[in-house]
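Colleague: Here's my sequence, what's the structure:
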Amino acid sequence: MALFTFKLPDIGEGISEAEIVGWHVKVGDRVEEDQPIADMMTDKATVEMESPVAGIVMRLAGEPGDQVPIGSMLVEIETDGEGEVVPAAETPPPSEEVIAAETPGEAVIEEAHTPPSIRPESVEGHAVESTKEQKGLDKLSPNGTGEAKAETPILASPAVRARAKELGIDLAQVKHGGERIRHADLDAYLLYGAGQGYHPAGRSARRPDEAVKVIGMRRRIAENMAASKRHIPHFTYVEEIDVTELEALREQLNAGRGDRPKLTLLPLLIVGICRTLPEFPMLNARYDDEAGVVTRYGAVHLGMATQTDAGLMVPVIRDAQDRNIWQLASEIRRLAEAARTGRAKSEELSGSTLTITSLGPLGGIATTPVINRPEVAIIGPNRVIERPVFRGREVVAAKLMNMSISCDHRVVDGWDAASFVQALRKRLETPALLFVD
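Modeller: Below you'll find the model as predicted:
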């Protein structure tokens, strides 16, 4: 037998360590070649590690949440092939009860120790006597006087009993000062009984406290959010937009879409954003605060905040400015599905120049989204609601949506953010402007 040490390979450019998200094996398990053994997370993606050999798992590098440097031991596997030999464990000395023959041909004779035979009738008699003694003990009171202690009856009126039954209270547990249990005694029990584990009838028991280790994707999210709020002086601007005509256009487009994907508002919003950004290049940018350099991008690589079971991920729509609404709808669906199923590639999760975040039907009146550092802005459309508005002298129903934008105040002025949203508002309230230069 030999010991194979599987070292963590270089799983990404510029990656010095990776975090253990979870193990697919444990010590003592047998693994086959190419069998998944661990999920490792870098700054960009989660990578599934596979065993290069078959054998028995002897040692793991750590627990989920631990960091493993590139090139260090991840798993040790005992194999049948060549490798680093594992010293055999020392054989324990023979027991003193075993006597080996000193010369060839000698036999080791072990005497059989047979317990003395017991007559069945003696066993039966002993059992009968024990039963009689136990019955005699059952009749004794705790003080050994032999007098049986009678149970004290619980006295309570039918109304009190009915109330206790309704509340799920055992009357035997209720302390009382008089001869009878009264409603006041039940009230006192309700006040102080919760400490003894009482729960009202029909209410489930309280869920126990739980300590959850922040690892994997959740730790990455925590670190990124904390760094963004710590380094970036955020400000948020919110404006109300009338999307009545935009919604009407969306319905018309969906009615004739054929086999193309169903449109939500998001592709139309992205078209409006891409049409507006050339007038405000300071928003489609990334800020390297260590170097003191802002890079303004010509192409719009739009990050799309997506909720998954593992937490918030931001897949990127590359060159969003070159796609029409149907191409955007298809790409939104593809990237969202890849993120939710864990199949998004590392290059699909990095390189965004601006991010849009939307809670869809769960969206509130307004949001103050956190910037996806090192970007300098994030756009947050909110829920569409129908409200009465004045149109001249008439009151009509309109579909309204608040648009939020958070910006890095170090490199974006409030005037620029407000001007961008107003220009975007003009396009969204007059949808024909989305399709003309």
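Colleague: okay, CA-based contacts and neighbour counts for the rest of this
Modeller: Will do.
Colleague: got any ranges where this structure has weak pLDDT?
Modeller: 12-13, 44, 81-151, 177, 193-205 (pLDDT under 70).
Colleague: Can you give me the neighbour number for residue 366?
Modeller: 18 (other C-alpha atoms under 10 Å).
Colleague: Next: residue 309.
Modeller: 11.
Colleague: swap in residue 271?
Modeller: That count, for residue 271 with other C-alpha under 10 Å as the rule, works out to 22.
Colleague: Can you show me the helices along the stretch 201-350 of the chain?
Modeller: With DSSP state H, counting those that start in this stretch, the ranges of helices along the stretch 201-350 of the chain come out as 216-231, 244-255, 265-276, 325-340.
Colleague: Ok, the stretch 1-150 of the chain next?
Modeller: Using DSSP H, counting those that start in this stretch, helices in the stretch 1-150 of the chain cover 120-138.
Colleague: quick one on the thing from earlier: can you say which of the helices of the stretch 201-350 of the chain is packed in most?
Modeller: helix 265-276 (a mean of 21; mean count of other C-alpha atoms under 10 Å).
Colleague: who does it touch, helix- and strand-wise?
Modeller: When contacts are defined as 3 or more C-alpha pairs under 8 Å, 6 or more residues apart in numbering; DSSP states H and E, helix 265-276 sits against helix 325-340, helix 414-429.
Colleague: Out of those, which gets nearest to residue 275?
Modeller: For residue 275, the closest of those is helix 414-429, at 8.3 Å, according to C-alpha to C-alpha.
Colleague: quick one: buried residues of the closest one?
Modeller: 416-418, 420-429 (16 or more other C-alpha atoms under 10 Å).
Colleague: what does stretch 312-324 give?
Modeller: Buried residues in stretch 312-324 (16+ other C-alpha under 10 Å): 312, 313, 314, 315, 316, 317, 318, 320, 321, 323.
Colleague: Name the nearest of the buried residues of helix 414-429 relative to residue 233.
Modeller: Among these, residue 417 lies closest to residue 233 (C-alpha to C-alpha), at 14.2 Å.
Colleague: re earlier: just so I know, which of the helices and strands packed on helix 265-276 lies nearest residue 270?
Modeller: helix 325-340 (8.2 Å).
Colleague: correct me, but residue 300 touches residue 274?
Modeller: Yes: Residue 300 is within contact range of residue 274, at 6.9 Å (criterion: C-alpha atoms under 8 Å).
Colleague: so what sits against both of those two?
Modeller: 320, 321 (C-alpha atoms under 8 Å, 6 or more residues apart in numbering).
Colleague: so what's the nearest residue to residue 278 once chain neighbours are set aside up against?
Modeller: For residue 278, ignoring the flanking residues on the chain, the nearest one in space by C-alpha to C-alpha, 6 or more residues apart in numbering is residue 298 at 7.8 Å. Residues counted as contacts of residue 298 (C-alpha under 8 Å, 6+ apart) are 278, 281, 284.
Colleague: Residue 298 and residue 437: what is the separation?
Modeller: 17 Å (C-alpha to C-alpha, to the nearest Å).
Colleague: What strand or helix carries residue 162?
Modeller: Using DSSP states H and E, residue 162 maps to helix 158-167.
Colleague: So which bits of that helix are buried?
Modeller: Going by neighbour count (16+ other C-alpha under 10 Å), the buried part of helix 158-167 is 160, 161, 164, 167.
Colleague: what's it packed up against?
Modeller: If you count contacts as 3+ C-alpha pairs under 8 Å, 6+ apart, helix 158-167 packs onto no helix or strand.
Colleague: how about the CA coordinates for it, as CSV?
Modeller: Written as CSV, here are the backbone C-alpha positions of helix 158-167 (Å, rounded to 0.1, in the frame of the first residue of the first chain):
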residue,chain,number,x,y,z
PRO,A,158,-65.6,22.5,35.3
ALA,A,159,-64.9,25.9,33.9
VAL,A,160,-61.3,25.9,35.1
ARG,A,161,-60.8,22.3,33.7
ALA,A,162,-62.3,23.3,30.4
ARG,A,163,-60.0,26.4,30.1
ALA,A,164,-57.0,24.3,31.1
LYS,A,165,-57.8,21.7,28.4
GLU,A,166,-58.2,24.4,25.8
LEU,A,167,-54.8,25.9,26.7
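Colleague: mind checking the SS state of residue 388?
Modeller: Assigned state for residue 388: strand (three-state reduction, DSSP: H, G, I helix; E, B strand; the rest coil).
Colleague: contacting residues around it?
Modeller: Here residue 388 is in contact with 395, 396, 397, 398 (C-alpha under 8 Å, 6+ apart).
Colleague: one more time with 6 Å
Modeller: 396, 397 (C-alpha atoms under 6 Å, 6 or more residues apart in numbering).
Colleague: For it, give the beta-bridge partners.
Modeller: residue 397 (DSSP bridges).
Colleague: what comes up buried for stretch 379-392?
Modeller: 379, 380, 381, 382, 383, 384.
Colleague: Could you give the number of residues near residue 395?
Modeller: 11.
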